[in-house]
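>>> Can you look at this prediction? I've put the sequence above it.
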Amino acid sequence: MTIHTKMARLVAVLALGLFALFAQPQAAQAQDIVNPTAQSVTEDALLGALSGDAQVQGRVTIPDDLSSGLIKPGNRNWADTHGGPVRTTTLIAVVGMLAVLVAFYLIRGKIRIDSGPSSERILRFTSMERFAHWLMAVSFIVLAITGLNLVFGRAVILPLFGEGVFGTLSAWGKVAHNYMGFAFMLGLLLSFLYWVVHNIPDKVDLKWLSQGGGLFVKGVHPPAKKFNAGQKGIFWSVTIGGAALSFTGVMLLFPEMAGGEAGWQLYQVIHGIVAAVLTAIVIAHIYIGSVGMEGAYDAMGSGEVDLNWAKEHHSLWVDEVQGKQSQDGGEAGSRPATQPAE
Ligand code: HEM
């Protein structure tokens with residue numbers, strides 16, 4: 001037995017002892033329930049319950065009544081059976097998307113600016129829009145990584161890096177996951193407010209879709225407004241998926257609002273499956289917004305993109321911005337939308 005295992009056993013015994021000291025007696029509801037506060041209960045019985053099928057149930061005075069259950073064999077079985085769909089969906093969605101992107105890169109390569117970089121740049125996103133995006137993006141990435149650790153950490157991190165690393169990572173990961181959820185919700189709300197008006201589907205999207213967005217054939221550039229149909233797909237996936245994750249996440253954080261154990265367990269499965277699908281979609285978005293397409297990252301980096309990039313990918317939006325600029329041209333103090341590159 002390693003020193004860590006001995007320590008873990010000692011901590012478990014102490015925790016059970018403390019629980020027995022402070023919890024109030026409650027009548028056992030079934031024969032296989034171990035009441036840690038009953039006079040006759042020994043430490044042996046409590047430790048036996050850790051590996052057996054008995055339930056250990058005390059009493060709490062906080063609103064979350066579920067927390068009075070110290071050991072629930074039903075929950076342990078539930079995690080084994082219902083955790084399956086979450087693990088399978090995550091594996092298929094995330095690994096599948098990575099495989100598709102590798103294949104796409106090998107076949108199509110990096111999407112270049114066909115007409116080459118120009119000497120002018122055009123403002124695409126203001127600093128507030130970029131703040132909203134990065135607040136949502138950074139928090140989502142932390143949530144995704146810490147969430148993946150919850151689903152696969154025991155199978156991957158534990159055998160590879162050992163108990164110490166897995167334990168520390170999971171403990172901090174849980175704290176990060178619980179708090180980052182609120183940053184994500186704020187970023188999601190701001191992004192929604194800034195961009196919803198540009199994401200209403202229209203008939204330009206049909207033409208864009210019919211040409212595969214020009215993603216598969218070099219030199220093909222279907223017209224698009226500020227956001228093309230593919231980006232509208234990302235926007236609505238993030239908005240609807242993000243809202244579902246936020247709602248179910250809050251229910252998991254405050255179980256007393258979730259309508260009992262059955263509700264809580266249902267929210268857990270929905271949370272895991274939506275997170276898996278959205279993570280896969282976001283991985284594709286990150287690829288195309290960074291290494292996959294020349295000039296794309298600048299939109300969220302400096303906020304200004306190359307004019308030729310903009311004409312190739314968002315021609316109708318460029319016409320609109322430049323049309324406005326020429327109308328405002330005579331007005332004192334107006335800032336030109338396009339500027340010479342430095
Ligand atoms: C390192 C990670 C990321 C990079 C490099 C990145 C990059 C970008 C870029 C360059 C754009 C602007 C595209 C354009 O000019 O048309 C954009 C837009 C957007 N990003 Fe990200 N992004 C990242 C992570 C995320 C994450 C995690 C989310 C959501 C959870 C997200 C959601 C969006 C949305 C909704 C838009 C607007 C619609 C769209 O362009 O698809 N991004 N991102």
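Yes, it's here.
>>> Point out the residues in the stretch 201-342 of the chain that sit beside the ligand.
227, 231, 234-235, 238, 282, 285-286, 289-290, 296-297, 299-300 (CB under 6 Å from any ligand atom). Glycine gets a C-beta too; all of them are placed from N, C-alpha and C.
>>> same thing but at 8 Å, please
For the stretch 201-342 of the chain, the residues in contact with the ligand (CB under 8 Å from any ligand atom) are 226-228, 230-235, 238-239, 242, 278, 282, 285-286, 289-290, 296-301, 305, 313-314.
>>> do you know how far residue 135 is from the ligand?
10 Å (CB to the nearest ligand atom, to the nearest Å).
>>> I should have written residue 186 there, sorry.
From residue 186 to the ligand the distance is 13 Å (CB to the nearest ligand atom).
>>> Please state the backbone phi and psi of that residue?
phi -70, psi -50 (degrees, to the nearest 10).
>>> I'd say it and residue 135 touch.
Yes: with contact defined as CB atoms under 8 Å, residue 186 reaches residue 135; the gap is 6.3 Å.
>>> and these two? which has more neighbours close in?
Higher neighbour count among residue 186 and residue 135: residue 135, with 19 against 13, using other CB atoms under 10 Å.
>>> ok, back up a step: among the residues of the stretch 201-342 of the chain next to the ligand, which lie within strands?
Mapping these onto strands (DSSP state E) picks out residue 305.
>>> Okay, and which of the residues of the stretch 201-342 of the chain next to the ligand map to helices?
Those of those mapping onto helices are 230-235, 238-239, 242, 278, 282, 285-286, 289, 313, per DSSP state H.
>>> ok, the residues you listed vs residue 324, which is closest?
residue 313 (19.0 Å; CB to CB).
>>> quick one, what contacts the residue lying closest to that closest one once chain neighbours are set aside?
In space, and not counting its chain neighbours, residue 313 is closest to residue 224: 6.5 Å by CB to CB, 6 or more residues apart in numbering. By CB atoms under 8 Å, 6 or more residues apart in numbering, the residues touching residue 224 are 204, 208, 313-317.
>>> do you know how far the closest residue to residue 234 other than its chain neighbours is from residue 147?
Excluding the flanking residues, the one nearest residue 234 by CB to CB, 6+ apart is residue 285, at 5.1 Å. Here residue 285 is placed at a distance of 17 Å from residue 147 (CB to CB, to the nearest Å).
>>> Looking at the two, which one has more neighbours?
residue 147 (23 against 18).
>>> Quick check: which helices or strands does the host helix or strand of the more buried one pack against?
Under the criterion of DSSP states H and E, residue 147 resides in helix 127-195. Counting contacts by 3 or more CB pairs under 8 Å, 6 or more residues apart in numbering; DSSP states H and E, helix 127-195 packs against helix 73-90, helix 229-253, helix 260-289.
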